[in-house]
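# Structural data only, the sequence is not supplied:
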């Protein structure tokens, strides 16, 4: 749907929003339905094209909830009616609007030019025939928002105001006529805040765009930038209309703003109840809305609404808001989305030089250290115990060195994915496939270097098939660790992820067969070893090094108990024919974690609504 040149007025009537409130974690086990907390109470209003509108209100008034509902980002628990240019909002209207969240969710390793280039390809099409359109859109957008001077600056090096303008620019490329901003001046100084609002005002007036911002405690100068205001108090509409008439409207209701006082501060004090009881003001506003809508008093209107809801079985909620949670269909097809996102993910991976060099250096240094500590133990029967310890340590390092960095970096990327997907840039499937494959080169290079160094310095048998088998186990364990890191990172924040990975891993280490042989574990718990990924990885590594008919080991002492590698495997209850079983088990765990990752991404999208 081409929305360029379109002007959109958005109107909402009798909008209510509630969420389930649970007192404790056992509420889900109880039969009775949990109580619902009302966030928005029957609010109505209209925002017109060409205006820059401010939604004011104290914390918890419902500003962000109203923005997300109007943008189509939040649909569960919503009742009411939303009209775009007088027509009931449908799925086809979702591409006409976008929401820019409070925090600038951007990939910090890319430059401003690269960020806009990727956004233009996803939002305007990646074909060659659209190349001129993309270049012109980027140039025009940067000119409007004053970003020409920092095109090659890395996002992490941009100022707060420049990042806010960049988050606006990526959405402005497709020229949406309806834009919602959640506190665009938060965290900025007065100068940067003035710049951001000045650019938004230009966007609204020159492009006849409808721009709505939630704003927290604007200064008198910032307040002058807005054309109209919508004030919320505890989920109720307190006052609405033009900015110039706000003080007069408050005065008409016996709320008199002192001379030389910031009108925005006074309105917020009224909304917070610091200037007296606002219940009468809320009632007057609700009455006026009811009479304007249908000519009835508020009481009659509520009675009719109740009757209509019962007869229609809440038709508004069922018909209006449940089909519409779907995000707008992306401009590019799945293959194009995958190609763009894959290239971006590769670029981000290799532009994050700090992390890339750190991971490479860690694998190299730890590999050399292990080589010195376990020097020449691989073919000495007297040092078999040390060599088994080396094998276990190799497994531990490969797992944690790949799981933990992913947990630390992926949650921040999730915020970017949520914003871009909900604004209709791409599908979850394309993002999932690109993200899963893009990390594979680095996941192969670092473990390969690590295994080569430690394998050579510890004097393991130089047989190609043995090294390949050990390498295969190491790569599978690395991919498994990355999958776990992605899953935990997608399901939780950084703090919880750092806690969850060790908590999940330590029980599996306990049942790996290294600390306590599986045969010595109590029968009631022995089955848990079959659930441990380390059990399969450790057994496969032992078979790779000591199995497949390896010749007798050299003995550097008078007596060596494990001259025969087969005796070692027998004492450890390892069967050589189980190597493929272990490989299949590791592959199965990887596939399971990848499926859970995809489902987690889908659930995060659903919960965000």
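Great, that's in hand. This is a predicted model, so every value here is computed, not measured.
# The nearest residue to residue 192 once chain neighbours are set aside is in what secondary structure piece?
Counting by C-beta to C-beta, 6 or more residues apart in numbering, residue 192 lies nearest to residue 161, which is 3.2 Å off, once chain neighbours are set aside. Heads up, the C-betas are built off the backbone N, CA and C, glycines and all. For residue 161, the host element (DSSP states H and E) is helix 160-172.
# ok now that helix, how far from the chain's centre?
With C-alpha atoms, centre = their mean, to the nearest Å as the basis, helix 160-172 stands 18 Å off its chain's centre.
# Return the list of helices and strands in contact with that helix.
Taking 3 or more C-beta pairs under 8 Å, 6 or more residues apart in numbering; DSSP states H and E as contact, the helices and strands that helix 160-172 lies on are strand 97-100, helix 112-124, helix 131-145, strand 178-182, helix 190-206.
# Do me a favour and average the pLDDT over that helix.
For helix 160-172, mean pLDDT is 88.
# Give me the angle between that helix and helix 112-124.
Interaxial angle of helix 160-172 relative to helix 112-124 (axes from the mean of the first three to the mean of the last three C-alpha atoms, to 10 degrees): 20 degrees.
# now the helices for the stretch 451-600 of the chain?
Assigned by DSSP state H, counting those that start in this stretch, the helices in the stretch 451-600 of the chain fall at 464-491, 494-510, 523-526, 533-546, 565-571, 579-607.
# just these: most buried one?
Burial of the helices of the stretch 451-600 of the chain is given as mean neighbour count (mean count of other C-beta atoms under 10 Å); helix 533-546 ranks first at a mean of 25.
# I'd say the residue nearest to residue 192 and residue 197 touch.
No - applying C-beta atoms under 8 Å, one finds residue 161 not in contact with residue 197, separated by 10.4 Å.
# If you count surrounding residues, which of the two has more?
Between residue 161 and residue 197, counting by other C-beta atoms under 10 Å, residue 197 is the more crowded of the two (25 against 21).
# got the contact list for the more buried one?
52, 184-185, 213, 222, 225-226 (C-beta atoms under 8 Å, 6 or more residues apart in numbering).
# Near residue 554, how many other residues are there?
11.
# related to what we said a few turns ago, for the helices of the stretch 451-600 of the chain, could you give me a markdown table that also reports mean pLDDT?
Output for the helices of the stretch 451-600 of the chain, formatted as a markdown table (pLDDT from 0 to 100):
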| stretch | mean pLDDT |
| --- | --- |
| helix 464-491 | 94 |
| helix 494-510 | 91 |
| helix 523-526 | 87 |
| helix 533-546 | 93 |
| helix 565-571 | 89 |
| helix 579-607 | 93 |
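# Make JSON lines from those and add distance to residue 367 to it.
Output for the helices of the stretch 451-600 of the chain, formatted as JSON lines (distance: least, C-beta to C-beta, whole Å):
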{"stretch": "helix 464-491", "distance to residue 367": "12"}
{"stretch": "helix 494-510", "distance to residue 367": "21"}
{"stretch": "helix 523-526", "distance to residue 367": "34"}
{"stretch": "helix 533-546", "distance to residue 367": "16"}
{"stretch": "helix 565-571", "distance to residue 367": "24"}
{"stretch": "helix 579-607", "distance to residue 367": "22"}
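# So which of these is nearest residue 203?
With C-beta to C-beta as the measure, helix 579-607 is the member of these nearest residue 203 (28.1 Å).
# elements contacting that closest one?
Applying 3+ C-beta pairs under 8 Å, 6+ apart, one finds that helix 579-607 contacts helix 384-422, helix 428-438, helix 464-491, helix 533-546.
# what sits up against stretch 182-189?
Residues outside stretch 182-189 that contact it (C-beta under 8 Å, 6+ apart) are 63-64, 67, 99-102, 160-161, 164, 168, 192-193, 196-197, 200, 213-216, 218, 222.
# related to what we said a few turns ago, for the residue nearest to residue 192, give its distance to residue 59.
Distance, residue 161 to residue 59, using C-beta to C-beta, to the nearest Å: 23 Å.
# Figure out which of the helices of the stretch 451-600 of the chain is closest to residue 47.
helix 579-607 (26.3 Å).
# That closest one vs helix 533-546, what angle?
Helix 579-607 and helix 533-546 are oriented at 150 degrees to each other (the same axes, to 10 degrees).
# quick one: helix 579-607 to helix 428-438, angle?
140 degrees.
# how far does helix 579-607 sit from the chain's center?
With C-alpha atoms, centre = their mean, you get 19 Å for helix 579-607.
# now swap in stretch 459-470 and tell me
On C-alpha atoms, centre = their mean, the centre of stretch 459-470 falls 41 Å from that of its chain.
# repeat for stretch 596-609
That offset, for stretch 596-609, works out to 10 Å (C-alpha atoms, centre = their mean).
# For this protein, give me the ranges with low pLDDT.
Scanning the chain for pLDDT under 70 picks out 1-5, 21-34, 90-93, 280, 284-328, 609.
# What sits closest to the one residue sitting closest to the centre of it if chain neighbours are left out?
Nearest to the geometric centre of the chain sits residue 414, at 2.0 Å (C-alpha atoms, centre = their mean). The shortest distance from residue 414 to any non-neighbouring residue, by C-beta to C-beta, 6+ apart, is to residue 490 (6.0 Å).
# isn't that neighbour right up against residue 603?
No - assessed by C-beta under 8 Å, residue 490 is found out of contact with residue 603, at 9.1 Å.
# Strands of the stretch 251-400 of the chain, residue ranges please.
Taking DSSP state E, counting those that start in this stretch, the stretch 251-400 of the chain contains no strands at all.
# would you list every one of the helices in it?
263-271, 279-294, 298-312, 315, 334-351, 353-373, 384-422.
# Of all the ones you listed, which one comes closest to residue 128?
Evaluated over these, closeness to residue 128 peaks at helix 334-351, with 12.0 Å, by C-beta to C-beta.
# Which positions in the closest one come out as buried?
336-342, 344-348, 351 (16 or more other C-beta atoms under 10 Å).
# Against which helices or strands is that helix packed?
Based on contacts counted as 3+ C-beta pairs under 8 Å, 6+ apart, the elements that helix 334-351 packs against are helix 112-124, helix 428-438, helix 440-457.
# and for the shortest one, what are the contacting residues?
Meaning helix 428-438. Helix 428-438 is contacted by residues 330, 334, 337-338, 341-342, 344-346, 349, 417, 421, 486, 594, 597-598, 601-602, 605 when judged by C-beta under 8 Å, 6+ apart.
# Looking at the contacts of residue 197, spot the one nearest residue 247.
Taking the contacts of residue 197 together and measuring to residue 247 by C-beta to C-beta, the closest member is residue 226, at 13.5 Å.
# Right, I'll call it a day here.
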